[in-house]
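1. predicted coordinates and the sequence they were generated for:
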Amino acid sequence: MRLTCVFLGFFYFSFISAQCDHSPTIETEGNFILCPSEVTQIFTQEYDSYQWYKKSFSGTNWEIIPGETSQFLDISQGIDDLYYFNVATALNGCSETSPEVLIDSWVFSPMVVESSGNYIFEDDLFNVCLGDSITFTIGMPYNTSIQWYKDGTPIAGENGPSITLTDIEESGVYFVEGAPAECPEYIVNPGVELPILINDCNLNIIDNSLSSKITLYPNPVLDKLIIKNKADKSLTIEFYNMNGKKILKEMVNIGISEFDFSKLAKGIYFAKFNTMDAKFTKIVIKN
């Protein structure tokens, strides 16, 4: 019995003396869930030496990361997400390995813009009568770092998820940018522009059947705008810029007509068509 006690005491002493007096952990200044395209660092405490290891999410074997022998390790979304990491450290000749951490990443659906209100969508244009309104709202999770633009210029104070347009002066081409709350620097836009035309419909006798027979292309236009008139009558056309300045007034005969836009500034223009008994407006975007 005495010999057994001596042996057990020696084993307990050897076990305790073999433990290191440091316990490394892995930390990050950000988050272990990475935002799209994010590059960050993970790190451990300060010791004498380091060696980083990684293992895939479904893997069983740890792999040494060649050359990664410093306190810090750079990780990138798209490369290092869905991998486990740990680090072997040494202090005063004693080695310990940290608990593992899993690097994950956020995945977001594309930004969607919904429209509501009283309007007609025709010829890739939102037509709104004065007195009515149109509201655009971006979908979740894009609720941070929002900025609405009109004709390529940020609109002061328009930083909410919705924008409502009611006045003639608000006609223009709109788009929006925003980010998810989890990744406020991941700013995206839906990739589409929202051309709006607000006018006094009481002053226009809109003949939709006639309007449908007038085609403008290419739109957006770079150099030459082509107007195809498939109606049985000629029309007068007046081009206006966003400031209401008349740029050009011409007759649009039956068939094909061309107009030179090469010297005009980029932006939105209004093509106002007139006949003896009808008026309607189409929008032209100059790139």
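-> Noted; the coordinates are in hand. Numbering: from 1, shown residues only.

2. so where is the stretch 151-287 of the chain shaky, pLDDT-wise?
-> 202-209 (pLDDT under 70).

3. do a quick rundown of the strands in it.
-> Remark: strands assigned in the stretch 151-287 of the chain by DSSP state E, counting those that start in this stretch are 153-154, 162-165, 172-180, 194-199, 214-217, 224-229, 235-240, 246-252, 255-260, 267-274, 279-286.

4. to F121, which of these lies closest?
-> Set against F121 and scored by CB to CB, those come closest in strand 194-199, at 10.0 Å. Heads up, the C-betas are built off the backbone N, CA and C, glycines and all.

5. bridging residues for the most centrally placed residue in the chain?
-> The chain has V188 as the residue nearest its centroid, 1.2 Å off, counting by CA atoms, centre = their mean. Beta-bridge partners for V188, by DSSP bridges, are G178.

6. before we move on, back to that, how about a markdown table for the strands of the stretch 151-287 of the chain, with distance to T40 added?
-> Below are those laid out as a markdown table (distance: least, CB to CB, whole Å):
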| stretch | distance to T40 |
| --- | --- |
| strand 153-154 | 29 |
| strand 162-165 | 33 |
| strand 172-180 | 17 |
| strand 194-199 | 35 |
| strand 214-217 | 47 |
| strand 224-229 | 49 |
| strand 235-240 | 51 |
| strand 246-252 | 51 |
| strand 255-260 | 52 |
| strand 267-274 | 41 |
| strand 279-286 | 40 |
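
7. report the contact partners of G178.
-> By CB atoms under 8 Å, 6 or more residues apart in numbering, the contact set of G178 is 111, 138, 142-147, 161, 187-189.

8. ok, of the residues you listed, which come out buried?
-> When the contacts of G178 are checked for burial by 16 or more other CB atoms under 10 Å, the buried set is 111, 138, 142, 144-146, 161, 188-189.

9. ok, N92 - how many residues close by?
-> Per other CB atoms under 10 Å, the neighbour tally for N92 reads 9.

10. that one - nearest residue in space that isn't next to it in sequence?
-> D48 (7.0 Å; CB to CB, 6 or more residues apart in numbering).

11. how confident was the prediction at the one you found?
-> D48 carries a pLDDT value of 97.

12. thought it was touching C94?
-> No. D48 is beyond contact range of C94, at 9.3 Å (criterion: CB atoms under 8 Å).

13. give the bridge partners for F121, please.
-> F121 has the following beta-bridge partners by DSSP bridges: F126.

14. what of L216?
-> Beta-bridge partners of L216, as defined by DSSP bridges: I227.

15. who are the contact partners of it?
-> So L216 contacts 123, 225-228, 271, 282, 284 (CB under 8 Å, 6+ apart).

16. and it, how far from T144?
-> 38 Å (CB to CB, to the nearest Å).

17. follow-up on the earlier one: can you select the buried ones from the contacts of L216 in ChimeraX?
-> Those of the contacts of L216 that count as buried under 16+ other CB under 10 Å are selected in ChimeraX with:
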select :123,225,227,271,282,284
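
18. closest one to W62 out of the contacts of L216, please.
-> Using CB to CB, these come closest to W62 at D123, 61.1 Å.

19. quick one: low-confidence parts of the stretch 1-150 of the chain?
-> 1-18, 123.

20. what segments of it are strands?
-> Under DSSP E, counting those that start in this stretch, the stretch 1-150 of the chain gives strands at 27-28, 33-34, 39-43, 49-56, 63-64, 72-76, 83-91, 94-97, 101-105, 113-117, 120-122, 125-129, 134-138, 142-150.

21. turn the ones you listed into CSV, columns for distance to G172.
-> Shown next, in CSV, are these (distance: least, CB to CB, whole Å):
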stretch, distance to G172
strand 27-28, 44
strand 33-34, 37
strand 39-43, 37
strand 49-56, 50
strand 63-64, 55
strand 72-76, 39
strand 83-91, 47
strand 94-97, 61
strand 101-105, 37
strand 113-117, 15
strand 120-122, 16
strand 125-129, 11
strand 134-138, 12
strand 142-150, 5
